[in-house]
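What follows is a predicted protein model with its sequence.
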Amino acid sequence: MPAFQAAYDNKYPPDRTLDGQARQRQAGAGAQGKLPSLADKLLFIVVYQKTHPLQTLHGLQCNVSQSPTHYWLHRLWPVLQHALRDMGQAPERDASRVAHSPLAREGTPDVAMDGTERRRQRPTDATQHKAHDSGKKKTPTDKHIVLVNETTSTVLSLGPTVVGKTHDKQAADEAQIAYPVHATLDKDTGFQGDEPEGVLSRQPKKTARPGLERGGAVPQSPHLQCACGGGKRACGGQTVSDGQRCLAPDHRRLC
């Protein structure tokens, strides 16, 4: 609360109006708004950043319509950012400074990296629409590379905004992340081939499919035969689904 109070007074001085003009009367006079106290304002912006609901739904919880909700979100978000920076809890936006971040030195140097996508408004330009279209999310998205301290569950770095179609490894290479000394990095298969120097990488391995034999050959079952009695050769090398067409009227299984 003290950090938020200091950031709010610095952003919006009590002796000035929103236009920067000197006040003619004391701050707080006149009609009281829906968020009169500083605690109400802090709760309003923190809950929105944590849950990210629709503005209409978020305003309904505070008895505020959508238009004032939009206004207060844009008014309080810079204040919260300033307060987090003063407290040393804001993630680094420049990934090259992660190694010297106080958040990275808390606990053991175990970090995890992943690419996160968030929905955005559909671009009207066809070229931009194709670039922002994410094949995984099936919707226009923007992507960030996030680095997290696994010991404290604190976000160390929030990478620059890139189009949703950008591959995770490409986005990580462009971010030029500087990892802590002797760090252990957990990542998924989207960062295959990204091996930073001096960092121990841990990446999950793809498991073999059930029934897949060594060497990549799929075992053949005697039940997967053509109903004509001649086996696969009688069907001309067709697949199992094609072999089903050769079933006699009184057969319901491939046997």
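Received the coordinates, thanks.

helix, strand or coil for residue 33?
Under DSSP: H, G, I helix; E, B strand; the rest coil, the three-state class of residue 33 is coil.

ok, it - how many residues close by?
By other Cβ atoms under 10 Å, 11 other residues sit near residue 33. C-beta coordinates here come from the backbone N, C-alpha and C atoms, glycine included.

again with residue 21
8.

what's the domain layout of the chain?
Taking automatic domain parsing as the reference, the chain has its domains at 2-21+34-87, 95-202, 222-255.

what are the ranges of the helices in the stretch 51-200 of the chain?
With DSSP state H, counting those that start in this stretch, the ranges of helices along the stretch 51-200 of the chain come out as 55-61, 66-87, 126-132, 168-175.

tell me the most buried of those?
Sort these by mean neighbour count, taking mean count of other Cβ atoms under 10 Å, and helix 168-175 sits at the top with a mean of 18.

ok, and what's touching that one?
For helix 168-175, the external contacting residues (Cβ atoms under 8 Å, 6 or more residues apart in numbering) are 95, 113-115, 143, 145, 157, 159-160, 162, 188, 190-194.

Mind doing that once more with 10 Å?
Defining contact as Cβ atoms under 10 Å, 6 or more residues apart in numbering, one finds that helix 168-175 is touched by 94-96, 98, 113-116, 143-145, 147, 157-163, 166-167, 187-194, 196.

Buried subset of those as a PyMOL selection?
This is the PyMOL syntax for the buried subset of these, where burial follows 16 or more other Cβ atoms under 10 Å:
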select buried, resi 95+98+113+114+115+143+144+145+147+157+158+159+162+163+166+187+190+191+194
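
how long is stretch 91-109 end to end?
Start-to-end span of stretch 91-109 (Cα to Cα, to the nearest Å) is 16 Å.

Run through the bridge partners of residue 144.
For residue 144, the beta-bridge partners are residue 116 (DSSP bridges).

Hmm, residue 160 and it touching each other?
Yes: counting by Cβ atoms under 10 Å, residue 144 touches residue 160, with 7.6 Å between them.

Give me the pLDDT value at residue 47.
In this prediction, residue 47 carries a pLDDT score of 92.

typo on my end, residue 128
You'll see residue 128 listed with a pLDDT of 73.

was I right about it contacting residue 122?
Yes: the pair residue 128 / residue 122 is scored as a contact, 9.3 Å apart, by Cβ under 10 Å.
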